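# curious how this folds, go ahead:
(2 chains)
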Amino acid sequence: MGTFWLAVGVGAFWLALGASSRVDLVGEPILGFAAAETKVTTKQLSPEIEARIQELWPRFPPQNAAKALCIPVLYLAQQQFGMVDDEVVDLVAARLSLPAAHVKGTATFYTMFNKKPVGRFHLQICTNIACQITGAYGVFDRCKQRLAVENHGTTEDGNVTLSEVECLAACGYGPVAQIAERGKPDIPLYFENLDLERIEKILDALAEGRVPVDLGS
Amino acid sequence: MGWFDLKIISRHFDVPQAKDIDYYVEHGGYAAARQAVRMDPAAITTEVKESNLRGRGGAGFPTGIKWGFVPKGAQTVYLVVNADESEPGTFKDRHILFWNPHMLIEGMIIAARALGVKSAYVYMRGEMLREYPVLQTAIDEAYAKGFLGARCFGSDMPLDITIYRGAGAYICGEETALLSSLEGGRGWPRLKPPFPAVKGLWGQPTIVNNVETIANLPWIIEHGGKAFADLGVGRSGGLRIVSVCGHVNRPGVYELPLSVTGRELIEEVCGGIRNGRKVKGVIPGGVSMPLLTEAELDVPFEFDALQTDERIAEVEVQPGVKFDLGGGRTLRTMAGSGGVVVMDDQTDMVSACWRILHFFADESCGQCTPCREGTGWLTKVAKRIDAGQGRPGDVDLMASIADGIAGNTICALGDAAAWPTLAFLTKYRGEFEAKIRSSRFVAEQRAAAEAAASQAVHPGQAGKAVQASKAVQASKAVQQGGVTS
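Predicted coordinates:
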């Protein structure tokens, strides 16, 4: 019996501790079901996204369309907001009447959805086998050195995020990179056959605030 | 070299106008599809079966037989083209999508007719930003001409094609993972059976075919299944598109007869090895496949030959112990996706093995424990060997982890990590062992053991002797292959 009451006592203490510390940290009661409803966001999906949803919806069976549109709408939302954070997840979930857990589970599964803000330019360098054996790590290390960042890091001025990525399906022309620019339509270029000289030129261009399209193919 | 002359899919490569529907039609395009929409569907399947066309995505499964698995009388059947090309070393589908989008669309119309499909999807890699607008424009053109839509070529056959873009996940190239993704969720593979042909997209019968597989269909309808089979070798019909990368003088995408050997591919097609070096290893079909040594290159790069030719060594778990593929079958290698990675004699095989494993650990979807944990551990052990921190027993440890993954997962990604690992260890074991012998870990252990032993010989205090015996024990434990940290 003594053990039982000890357990109850510890449990009550633990609950009290947990509850009080959570109130302190978040500033609202832990059982606040109202919290989700009252969360205010200023973000809204753009009319362009709405139009695209209308266009894509009939491409899928009616009962499956909302879920099937999860990935396409996440893409569009990322183009609009620059990333897919919890707020964007909630927006997409609300629009498609999907559980936020499903949308977040999907968004976090795929590498192309940025869960954190990225720089104006996102420089993505493949280091997979074909690029590795043709010198990708030399190129990648030069980028890290010159930008003074580690993998997935963003320069202090917010200009460039550097990421090591997996195979981009251009193995014959490695090392290969892809560059994304915030707010611009997707750039349909790869930067191939990189060496230390070419990567310097690319980094120069990004520092000047432009994508070196002349070096792409 | 007569065998270079015939081109099926690649005849439009490097012809910028071929993306334009008028150019494509002027050069005979869409004639086969126009014919197919008025053919008996069963007759199309018969031609495809006769053609010995085998799936070009990696498994090499006969396409006509796959089609035959769709239940008779099924009301809704889906066709999904797998354009999620992401097997390292493979870059052929991206080429087809960019240079020859109409041949893919034409092939899809033919397949749709054979299977009774009204809605077809192209699941395209998210990273293919150059190819996406090209294919979308081509689809729009085909709609405008009345080749797609409610009445394809004025027939009673309706067909819609929709591009669905992936978002960065290698696993979505696995057909059931692809379907999970297309349904709008995580790309998690599903247990088979049921196979997609019976229960696929949204629970309906679904055929998932690779880009190159589908793009071969117009030629098969135009020339007949037998003509296609005659181009091939044994039970593999047609030509094959291979993509060659690594240390060759002319990397690229080539459409070749299946009889071409690895050596012909490297020496004649790709102009040999850069800087006059020699070949050390060749991955014949994407990094999931066991690699070949220089001595094994005289085998044709064809599905059956690569699996059975005795000139290729069998992959082992331990020296002398063959890896069991199930039912007592052994593993040599496979033709896979046609992605050939050529490594010259200066390539560090331990480092290459580590980078391949790093990829699989990164891309494991996390459903099955053997794969999720095993690929992570394989990567860690390979990395420490590569970084000069290898421990005695690490080679056996890697083999045992790989053997524990293989065959124990829902999809083939686990095998795809295990097989090349075992091949690296079978064929380049000496390189791994040499790195371990010269590792800092081994040197430190040896120094510690020697220091302790010398203390034990001249015991100043009783405690030192105890310490020494502990150090010797630790050293032995390490040699037996335990991972202690």
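
# would you list the phi and psi of B:K322?
Here is the backbone geometry of B:K322 (degrees, to the nearest 10): phi -70, psi 140.

# contacting residues around it?
By C-beta atoms under 8 Å, 6 or more residues apart in numbering or on different chains, B:K322 lies in contact with B:E314, B:V315, B:E316, B:T330. C-beta: built from backbone N, CA, C; applies to glycine.

# what's the pLDDT at residue 164?
Because you didn't say which chain, this covers chain A. A:E164 carries a pLDDT value of 97.

# look at chain B instead
98.

# then B:A468?
At B:A468 the predicted local distance difference test score is 51.

# now swap in B:V117 and tell me
At B:V117 the predicted local confidence, pLDDT, stands at 98.

# quick one: low-confidence parts of chain B?
Within chain B, the set of residues satisfying pLDDT under 70 comprises B:1-4, B:459-485.

# now the helices for chain A?
Taking DSSP state H to define them, one finds helices in chain A at A:2-26, A:34-38, A:47-56, A:65-68, A:70-81, A:86-96, A:100-109, A:129-132, A:136-147, A:196-207.

# same question for the stretch 201-350 of chain B.
Using DSSP state H, counting those that start in this stretch, the helices assigned to the stretch 201-350 of chain B run over residues B:211-215, B:217-223, B:225-231, B:262-264, B:303-308, B:349-363.

# closest to B:G168 out of those?
Across these, the minimum distance to B:G168, taken as C-beta to C-beta, is reached by helix B:349-363, at 9.9 Å.

# that closest one close to chain A?
Yes. Under the criterion of C-beta under 8 Å from any C-beta of the partner chain, helix B:349-363 makes contact with chain A via B:S351, B:A352, B:R355, B:I356, B:F359, B:D362, B:E363.

# rewinding a little: closest one of the contacts of B:K322 to chain A?
When those are compared for distance to chain A, the smallest value, 18.5 Å, is given by B:V315; criterion: C-beta to the nearest C-beta.

# next, residue 176: phi, psi?
Looking at chain A here, since you left the chain open. phi -120, psi 150.

# ah, no, chain B please
Residue torsions, per degrees, to the nearest 10, at B:T176 are phi -80, psi -30.

# contacting residues around residue 213?
Because you didn't say which chain, this covers chain A. Shown here is A:V213, whose contacts under the criterion C-beta under 8 Å, 6+ apart are A:I187, A:L189.

# try chain B instead
Contacts were defined as C-beta under 8 Å, 6+ apart; by that measure B:T213 touches B:L53, B:G55, B:R56, B:G57, B:T63.

# before we move on, what about A:A170?
Applying C-beta under 8 Å, 6+ apart to A:A170 gives the contacts A:C126, A:V176, A:Y190, A:E192, B:F91, B:R94.

# near chain A, which residues of the stretch 1-150 of chain B are found?
Taking C-beta under 8 Å from any C-beta as the contact definition, the stretch 1-150 of chain B meets chain A at B:85-91, B:93-94, B:119, B:125-130, B:132-133.

# just the ones of those in strands?
Members of the residues of the stretch 1-150 of chain B next to chain A lying in strands (criterion: DSSP state E): B:S119.

# could you pull out the helices in the stretch 1-150 of chain B for me?
With DSSP H, counting those that start in this stretch as the definition, the stretch 1-150 of chain B shows helices at residue ranges B:21-26, B:31-36, B:41-50, B:63-68, B:92-99, B:101-115, B:131-144.

# for these, which one sits closest to A:I199?
For A:I199, the closest of the helices of the stretch 1-150 of chain B is helix B:92-99, at 22.3 Å, according to C-beta to C-beta.

# who's in contact with the closest one?
A:169-170, B:9-10, B:12-15, B:18-19, B:83, B:85, B:103-104, B:124-125, B:128, B:130-131, B:134-135, B:210-212, B:215, B:241-243, B:253, B:337-339.

# report the angle between that helix and helix B:131-144.
Helix B:92-99 runs at 50 degrees relative to helix B:131-144, counting by axes from the mean of the first three to the mean of the last three C-alpha atoms, to 10 degrees.

# tell me which residues in helix B:92-99 are buried?
B:K92, B:D93, B:R94, B:H95, B:I96, B:L97, B:F98, B:W99 (16 or more other C-beta atoms under 10 Å in any protein chain shown).

# one more: stretch B:383-396?
For stretch B:383-396, a neighbour-count test (16+ other C-beta under 10 Å) marks B:K383, B:R384, B:I385, B:D386, B:Q389, B:G390, B:R391, B:P392, B:G393, B:D394, B:V395 as buried.

# of those residues, closest to chain A?
Once C-beta to the nearest C-beta is applied, the member of those that ends up nearest chain A is B:D386, at 11.6 Å.

# residue contacts, the closest one?
By C-beta under 8 Å, 6+ apart, the contact list for B:D386 reads B:D348, B:V350, B:S351, B:W354, B:K435.

# repeat that for B:Q318.
If you count contacts by C-beta under 8 Å, 6+ apart, B:Q318 has them with B:D396, B:A399.

# could you measure from the residue of the stretch 251-400 of chain B found nearest chain A over to A:I179?
Nearest residue of the stretch 251-400 of chain B to chain A: B:P251, at 3.5 Å (C-beta to the nearest C-beta). Distance of B:P251 to A:I179, given as C-beta to C-beta, to the nearest Å: 22 Å.

# neighbour-wise, which of these two wins?
B:P251 (25 against 22; other C-beta atoms under 10 Å in any protein chain shown).

# residues contacting the more buried one?
Contacts of B:P251 (C-beta under 8 Å, 6+ apart): A:C171, A:G172, A:Y173, B:V244, B:C245, B:C270.

# quick revisit: point out the most buried one among the helices of the stretch 201-350 of chain B.
Relative to the other members of the helices of the stretch 201-350 of chain B, helix B:211-215 carries the highest mean neighbour count by mean count of other C-beta atoms under 10 Å in any protein chain shown, namely a mean of 28.

# roughly how far out does it sit from the chain middle?
Relative to its parent chain, helix B:211-215 has a centroid offset of 15 Å by C-alpha atoms, centre = their mean, to the nearest Å.

# again with stretch B:398-411
That offset, for stretch B:398-411, works out to 17 Å (C-alpha atoms, centre = their mean).

# hmm, who's touching that stretch?
Applying C-beta under 8 Å, 6+ apart, the set of residues contacting stretch B:398-411 from outside is B:171, B:174, B:176-177, B:189-191, B:317-318, B:323, B:325-326, B:367-368, B:370-371, B:374-375, B:377-378, B:381-382, B:414-415, B:417-419, B:421-422, B:425, B:432.

# one more: stretch B:188-208?
By C-beta under 8 Å, 6+ apart, the list of residues contacting stretch B:188-208 reads A:61, A:64, B:66-67, B:69-71, B:74, B:76-82, B:111, B:115, B:117, B:121, B:171, B:174-180, B:182-183, B:365, B:367, B:410-411, B:413.

# quick one, which of those residues are buried?
Among the contacts of stretch B:188-208, the ones that count as buried (16+ other C-beta under 10 Å) are B:66-67, B:70, B:77-82, B:111, B:115, B:117, B:121, B:171, B:174-180, B:182-183, B:365, B:367, B:410-411, B:413.
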